[in-house]
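Engineer: Okay, predicted coordinates and the sequence, questions at the end:
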Amino acid sequence: MSDVFPTCSKRWLTIIGIGEDGPAGLGEEAKMLIATAPAVFGGARHHALAASLISGEKLAWQSPFERSVDAVLERRGTPVVVLASGDPFLYGVGATLCRRVAAEEMRVIPAPSAFSLAASRLGWPQQDVTTISLHGRPLGLVRPYLHPGRRIIALTSDENGPGELAALLVAIGFGQSRLTVLEALGGARERQRHAVASDFDLTDIDPLNVCALEVTAGEGARILPFAAGLEDDLFEHDGQITKREIRAMTLSALAPRHGELLWDIGAGSGSVGIEWMLADPSLKAIAVEQSPERAARIARNATALGVPHLAVVEGSAPDALRGLPEPDAIFLGGGGSEPDVIDTAITALKRGGRLLANGVTLDMEAALIREHGKRGGSLTRIEISRAAPLGSMSGWRPAMPVTQWRWTKG
């Protein structure tokens, strides 16, 4: 066994991807590692697929999954095999284990992912396809990717996933999109079937499936453009919203970067935090809003626009800010003139973090002018006018000017 497993201090953990074809799809090394392992972790399906090879102890995943991770780590330094579906590092168990196990302690033998198998069956170049996991995740995550002509491969949770995805497409104007349901890829039960979302009637779907979408937008489909500054009517709001042109300039000034966290204080409709998160999947945001009605509205907007993991904190600043994760950037859209809000925000901000505050009222403008005089940064006045009817003709109707203060913590 010493030839199979490295020294205990080195690669004691082996993660092996296995497909629906079981041992037939494994190489000789993977088969030997499974056969000689004293402990093999995996789901019931994985154990069944590899049953002819396993001679050691079969250990099933527990709920919550963190208990299983602890069980794996308890055997650190002794040979352990973990069985995973397809590629363990593509929405798989490898991504979880690597948070607590160094790469130097692992040996990984991946199999083709469900995405790779689906793309090969359809003849879709994978570099041109959007891939997304909806397994155990809200279907709305697909929302930002729905653009005409786009191809998407989505991993679903179960046999109901394809029908639920079709219903979502119909509800938001993409009912003519074509779905291909690919079931039990790589195994004896493999099959693929097609349906248009609006006429989806497939039944007896295997729980192990992926959906391939060819996106078609119908009349009135609400497409989310790539640029900052979504149309205001894409958001449910009561008038408390950073208007489109100002929002585009606000997002530009906030300058989101990979993996950053934004605090959106006095979030109103949540539009700034939502667009921050739409800029890149790695971005996170916390919307702080004192009105229960608006807080609920923010959550609905986040779900409808494809960022359901936006965190909403109901409460008034500065008290509601205490105990929140340290932000990389802060947007003050409302409430900044209240005592201690700006000071509390600045204290919480990471070194090198950005604070951006928009002021419409004289009180907020005065507060921002004071802060600019005391701390520096940049102060900008933004004035927007829109053409509107004026009697039998048209004229410019100015919106309320916005004073914007941007400051970076040194």
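Structural biologist: Yep, that arrived.
Engineer: Only C-alpha atoms from now on, for both contacts and neighbour counts.
Structural biologist: Will do.
Engineer: Next one, pLDDT for Ile274 please.
Structural biologist: In this prediction, Ile274 carries a pLDDT score of 98.
Engineer: typo on my end, Thr344
Structural biologist: 94.
Engineer: Can you give me the buried ones in whatever helix or strand it lives in?
Structural biologist: Using DSSP states H and E, the secondary-structure element containing Thr344 is helix 341-348. Within helix 341-348, the residues that qualify as buried by neighbour count (16 or more other Cα atoms under 10 Å) are Val341, Ile342, Ala345, Ile346, Ala348.
Engineer: and it, what does it pack onto?
Structural biologist: Taking 3 or more Cα pairs under 8 Å, 6 or more residues apart in numbering; DSSP states H and E as contact, there are no helices or strands that helix 341-348 lies on.
Engineer: if we can go back for a sec, quick one: which of the buried residues of helix 341-348 is nearest Gly19?
Structural biologist: Ala348 (47.3 Å; Cα to Cα).
Engineer: ok now do Gly410, which residues does it touch?
Structural biologist: Arg351, Gly352 (Cα atoms under 8 Å, 6 or more residues apart in numbering).
Engineer: Going forward, count from 50.
Structural biologist: Noted, 50 is the first residue going forward, which turns the last one into Gly459.
Engineer: how far away is it from Leu139?
Structural biologist: 38 Å (Cα to Cα, to the nearest Å).
Engineer: again, but for Thr252
Structural biologist: Summarising the geometry, the distance separating Thr252 from Leu139, computed by Cα to Cα, is 28 Å.
Engineer: Neighbour count: these two, which is higher?
Structural biologist: Between Thr252 and Leu139, counting by other Cα atoms under 10 Å, Leu139 is the more crowded of the two (15 against 10).
Engineer: Enumerate every residue touching the closest residue to that one other than its chain neighbours.
Structural biologist: For Leu139, the nearest residue in space outside its immediate sequence neighbours is Ser162; the separation is 7.4 Å by Cα to Cα, 6 or more residues apart in numbering. For Ser162, the contacting residues are Ser134, Gly135, Asp136, Leu139, by Cα under 8 Å, 6+ apart.
Engineer: Give the next helix or strand downstream of the helix holding Thr393.
Structural biologist: Stepping forward along the backbone from helix 390-397, the first helix or strand reached (DSSP H and E) is strand 403-408.
Engineer: Let me see the ranges of the helices in the stretch 300-449 of the chain.
Structural biologist: Listed in chain order, the helices of the stretch 300-449 of the chain (DSSP state H, counting those that start in this stretch) span residues 320-327, 341-353, 390-397, 411-424.
Engineer: Can you tell me which of the ones you listed is most buried?
Structural biologist: Stretch with highest mean neighbour count among these: helix 320-327 (a mean of 26; mean count of other Cα atoms under 10 Å).
Engineer: just checking, what packs against that helix?
Structural biologist: Helix 320-327 makes packing contacts with helix 293-303, strand 310-314, strand 333-338 when contacts are defined by 3+ Cα pairs under 8 Å, 6+ apart.
Engineer: switch the cut-off to 10 Å
Structural biologist: If you count contacts as 3 or more Cα pairs under 10 Å, 6 or more residues apart in numbering; DSSP states H and E, helix 320-327 packs onto helix 293-303, strand 310-314, strand 333-338, helix 341-353, strand 378-381.
Engineer: That'll do, ta.
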